[in-house]
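# The following comprises the amino acid sequence and a computationally predicted model.
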Amino acid sequence: MNKVLKKTIITMAGGLVAMALVITPGCKQKQEKLEKATLRINCWAGYAKPYEADFKALVKEKYKVDVELSIQNPTDQDEFFLAVKDNTADLISPPIELPKIPRFFSFQEGQQYLQPVDVQNVPNLAKMMPVFRSDQTPFYKGVRYGIPYNCGPYGLAYNRDKVPAAPTSWNVLWDPQYAGQYTINNNFPKVNVWITALALGYGYEDIFDINRLDRAKVQEKLNALAKNAKSLWDGGANPDEFPGLALATTWGFAAAQANLKGGNWRLATPAEGGTAWIDCWYIGAGTKGLTKKLAEEWINFTLEPARQADVVKSQGVSPVMADTGDMLNTEEKAMFHVGDEAYFKTVALWRVLSDETEQAFNAMWEEAKQQRQ
């Protein structure tokens, strides 16, 4: 074949191929179709919504799944139990002891409301502070059902513009000069009984058992605490109220939010000690297949340094991980005891109460509130 004819044939063939690419629909590049999933999260406000976009991006990259988050925020811990009981949530974030409280017991044979976590899917657990990782509360019969996320006190906050020196005792709440100038919790009666008992000199070995307390003596002091409070709060203290207050009990959230609005609040360290809650991720028994794996991915995601630093910055409580990257300053780390294993051994982490004790504490608080009428 001569060179001219060969060149002509090659040119014609190239043109035909180009035309085919233009007119043949099948040659268009196919777009990848992502699998879809929904993860239902029932958690305290602020625990999920701020991180939704980052988690969706992670799941799309790692699993090639387009995940939607259905987020519900309760105001009372009862809602967590109902969410897994009725299978309306895949993940919940209750206080760590909630599933073992008698009226919320979630491990009934043949009727479990929670399921074990596959720790292989939560590698960050291995890096968690030992005081939280070794807590046996989220275990049942030696199996881990829950993983801690954050921790905070039922703390004593003070307004440095009105209380210049840091209070050293819970008894400051009974100081006549601060009557009508503090706010306290309403919907967790036990926390007010605990601080009242601590103010009376009881120790940690006493405050979780009504039979170790002089009920009449505690009741009298509890009555005064309720009567002289300016307000009672449910869920979380109201930071908008803080400018007019001298003192407040808080999970930590409200003090942090008040400071973001120009407040001058700090957390005191009462000599009598205090109690601290741990919020924990639990997976509902009805969560299956890919959704369960995504639930475990979410748990691991919330233990990453960026999210754990935000536990301090946005929530005003303590992270369960010592590693928060370089996102916190020295004052923030000190105020929220970041990585301070020794500190968490000085507070009483919330425990499972007997039915008798819980009912007694609820009744005592209802009686105390009658003093406000």
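Received it, and whenever you're ready, just let me know what you need.
# after the longest strand seen in the chain comes which helix or strand?
With DSSP state E applied, the strand covering the greatest number of residues in the chain is identified as strand 275-284. Taking DSSP states H and E as the definition, the helix or strand that follows strand 275-284 towards the C-terminus is helix 289-302.
# Please list the residues outside that following helix that contact it.
Residues from elsewhere that reach helix 289-302, judged by C-beta atoms under 8 Å, 6 or more residues apart in numbering: 35, 37-39, 41, 47, 51, 54-55, 58-59, 62-63, 65, 67, 90-91, 115, 117-118, 121-125, 147, 149, 281, 283, 287, 307-308. C-betas here are computed from N, CA, C, even on glycine.
# Who are the packing partners of the longest strand of the chain?
With contacts defined as 3 or more C-beta pairs under 8 Å, 6 or more residues apart in numbering; DSSP states H and E, strand 275-284 has these neighbours: helix 78-85, strand 91-92, strand 114-115, strand 146-153, helix 189-199, helix 289-302, strand 348-349.
# Figure out which of those is closest to Asp209.
Of all those, helix 189-199 sits nearest to Asp209, with 10.4 Å by C-beta to C-beta.
# May I see the buried residues of that closest one?
Going by neighbour count (16 or more other C-beta atoms under 10 Å), the buried part of helix 189-199 is 189-199.
# Kindly report the same for stretch 122-129.
For stretch 122-129, the neighbour count (16+ other C-beta under 10 Å) marks 122, 124-125, 128-129 as buried.
# Take those and write them to a markdown table, including distance to Gly339.
Converted to a markdown table, the buried residues of stretch 122-129 look like this (distance: C-beta to C-beta, whole Å):
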| residue | distance to Gly339 |
| --- | --- |
| Val122 | 20 |
| Asn124 | 15 |
| Leu125 | 16 |
| Met128 | 11 |
| Met129 | 7 |
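# Between all of those residues, which two are separated the most?
Considering C-beta to C-beta, no two members of the buried residues of stretch 122-129 lie farther apart than Val122 and Met129, which are separated by 14.9 Å.
# contacting residues for Val312?
When contacts are counted by C-beta under 8 Å, 6+ apart, Val312 is found next to 318-319, 324, 328, 332-333, 336, 338.
# Surely it forms part of a helix?
Yes. Going by DSSP: H, G, I helix; E, B strand; the rest coil, the assignment for Val312 places it inside a helix.
# what pLDDT does it get?
The model reports Val312 with a pLDDT of 92.
# so how far is Thr269 from it?
17 Å (C-beta to C-beta, to the nearest Å).
# Likewise for Glu331?
Between Glu331 and Thr269 the computed distance is 15 Å (C-beta to C-beta).
# Gly262 too?
Gly262 is 24 Å from Thr269, where distance means C-beta to C-beta.
# Good, wrapping up.
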